[in-house]
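>>> Structure of the sequence below:
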Amino acid sequence: MANCSIFENLVQRLASAGVSSPRLEARILIANILNVDPNSVTSGICIPPQSQKELENHVQRRLNHEPIDKIIGLKSFYKYTFLTSSDVLSPRPETEILLEKAIKLAKQNGFENTLELGVGSGCVLLSLLREISALKGVGVDVSKKALNVCKKNAEALGVEKRCKLVCKSWFDADFLSIFEHPFDLIVSNPPYIKTADIEKLEKEVWLFDPWVALDGGNDGLESYVQIAKLAPHLLKNKGYLLLEIGCGQMQDVKKTFEKQGLEYVTTLFDLAGIARVVVFSKEK
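This next block holds a predicted model:
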């Protein structure tokens, strides 16, 4: 294969494997190897011989369905770029719906503190802190490895001094004891996939995202039921809780939290018209 045909050859290989944006991903893979802007990668680009082996390794990983952000270790979300790995859920564009609503509510109400349950890479919590300099946050995750990724992202965004990270499961009996005060705002994208459905997801998800971030139990609602029990104790009066949900879960989640005394505020939909975020408040 001639050196300067590598780009087009890579595009063809990715397309044959069913990659939906083969030209974009080819640019990203090559740019990562060469440490250049993806927009500078064209069909005539030459790859030094010493870089071709590393590129081929990355290509093989992508052909085996590993997400590109896991390969290069980076993923853009909202306005920022986050470190990612197999230890964290890859940030999804749909989650920006939750983030944008959280930013709006925090600014409108002059909120001072926020909690994220299941912080993962930190893409939501850290974006909030970066956007609102007066805000302080706590991120909780059951995975120490995920918290290590989040810590690095907090440092990269310069918000580590306003971000406390805690390794804990919300199913622990003493979960509430770790918090000194309730919060103005709580955000969460908890596991919501039915256990039996995980292996029906795209291979990029079930093979490479951590199952602990996917598995919502037999009905997909286990984490929502538990968070609903905790939320009245964790949320200040006049505070808000924002939850990302799975397809078809809106009514069940709404009933679960209303049963615990929270007031339903609104539902936000994604571009496909799917209910994606449910907002609740604590009025008393």
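>>> beta partners of the nearest residue to K282 once chain neighbours are set aside?
For K282, the nearest residue in space outside its immediate sequence neighbours is L235; the separation is 4.5 Å by Cβ to Cβ, 6 or more residues apart in numbering. For every residue, glycine as well, the C-beta is placed using N, CA and C. Beta bridges link L235 to F183, judged by DSSP bridges.
>>> Verify the stated contact: L235 with P182.
Yes - shown here, L235 and P182 form a contact pair, counting by Cβ atoms under 8 Å, at 5.7 Å.
>>> Could you tell me which ranges of the stretch 151-284 of the chain sit under the pLDDT cut-off?
With pLDDT under 70 as the threshold, the stretch 151-284 of the chain has low-confidence stretches at 284.
>>> now with 90?
For the stretch 151-284 of the chain, the stretches with pLDDT under 90 are 283-284.
>>> hey, where'd the helices end up in it?
In chain order, the stretch 151-284 of the chain shows helices spanning 203-206, 222-234, 250-259, with DSSP state H, counting those that start in this stretch as the criterion.
>>> closest to K161 out of those?
Across the helices of the stretch 151-284 of the chain, K161 has its closest neighbour in helix 222-234 (22.7 Å, Cβ to Cβ).
>>> List the buried residues in the closest one.
For helix 222-234, a neighbour-count test (16 or more other Cβ atoms under 10 Å) marks 222-231, 234 as buried.
>>> before we move on, what about stretch 152-170?
Going by neighbour count (16+ other Cβ under 10 Å), the buried part of stretch 152-170 is 152-154, 157, 159-160, 162-163, 165, 170.
>>> Can you flag which of those residues belong to strands?
Members of those lying in strands (criterion: DSSP state E): 163, 165.
>>> Name the nearest of the buried residues of stretch 152-170 relative to E202.
The nearest member of these to E202, counting by Cβ to Cβ, is N153 at 24.4 Å.
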